[in-house]
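**Student:** build me a structure from this.
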Amino acid sequence: MRIPRFYIDRPLELGLDLALPNEIHRHAIQVLRLKKEEVLILFNGEGGEYLAKLTLAEKRKSKAKIVSFDATNRESPLQITLALAILKGDKMDFALQKAVEMGVQSIYPLYTQRSVIRYGIDRMGKKLAHWEGIIKAACEQSGRTSIPLLYGPTLLHYWLTIPYSGLQIAMLPEQHSSISALDAPKNNKVSLIVGPEGGFTDEEVHLLLDSSVKGIRFGPRILRAETATIAGIALCQQQWGDLDKDVP
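**Tutor:** Numbering: from 1, shown residues only. Purely as a prediction, here's the structure:
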């Protein structure tokens, strides 16, 4: 049976006996029905993970003692930034979840001319908290030990002014170049830009290309934005990351 993993936002060290936060308690004790003396894995995003044994497992509270540390590193050597136009509802959740599983290190939600979602300040705060939960859960599931950075929503034209030292790629169906024609990023940094459901406008395409963004085509078919996110990251990882590396 796979040992359940949980992200916890606090310092961790060997020998620490800690009360499990409510969210972890509910999942570990009430959902998974773990018992005293059973083990779980805790990580705080600072590298590595900790094996902990339950010292208390009651209906309303639980405790675990950290018994060992594993310095494992499952992060990709390719530092991928995802700049993704905000998608509707579950599509955005799905894209973020899979992007984290595929190894992205930072995420910028973008407002584009064809974005159909525009959040007010109050709702945006709730939405960011929701996306953070999606990201952390994806890290728990996928075995990652670092939490990708999630930035606040940014207009595309403003995002393009942010200094960036890596390779920038936009998925543009009207382009003819493929990812294999691109030179490898010299500093292992690449940003992948994915448009909204209706695609980028002609004005935005010109803006991207004029900003030294490399436009590439991913086959003859038009992909949904959430599909393009997964396909783009997978190809970047295959081309320059760790998908083609032998597993030790």
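**Student:** give me the nearest residue to the most centrally placed residue in the chain, chain neighbours excluded.
**Tutor:** Residue closest to the mean C-alpha point of the chain, counted by Cα atoms, centre = their mean, is residue 100 at 2.6 Å. Take residue 100 and drop its neighbours on the chain: the residue closest to it by Cβ to Cβ, 6 or more residues apart in numbering is residue 138, 3.7 Å away. In short, each C-beta sits where N, CA and C put it, glycine included.
**Student:** and what of residue 181?
**Tutor:** The shortest distance from residue 181 to any residue other than its chain neighbours is 7.9 Å, reached at residue 216 (Cβ to Cβ, 6+ apart).
**Student:** that neighbour pairs with what?
**Tutor:** Beta-bridge pairing for residue 216 (DSSP bridges): residue 171.
**Student:** for it, give me its contacts.
**Tutor:** By Cβ atoms under 8 Å, 6 or more residues apart in numbering, the contact list for residue 216 reads 169, 170, 171, 172, 175, 177, 178, 179, 181, 182.
**Student:** most surrounded residue in those?
**Tutor:** The residue in the contacts of residue 216 with the most neighbours, by other Cβ atoms under 10 Å, is residue 169 (25 neighbours).
**Student:** give me the pLDDT value at the residue lying farthest from the centre of the chain.
**Tutor:** Within the chain, the residue lying farthest from the chain centre (Cα atoms, centre = their mean) is residue 58, at 33.4 Å. Among the per-residue scores, residue 58 shows a pLDDT of 93.
**Student:** who are the neighbours in contact with the nearest residue to it once chain neighbours are set aside?
**Tutor:** By the measure of Cβ to Cβ, 6+ apart, the closest residue to residue 58 outside its immediate chain neighbours is residue 29, 7.7 Å from it. The contact partners of residue 29, by Cβ under 8 Å, 6+ apart, come to 20, 57, 58, 59, 62.
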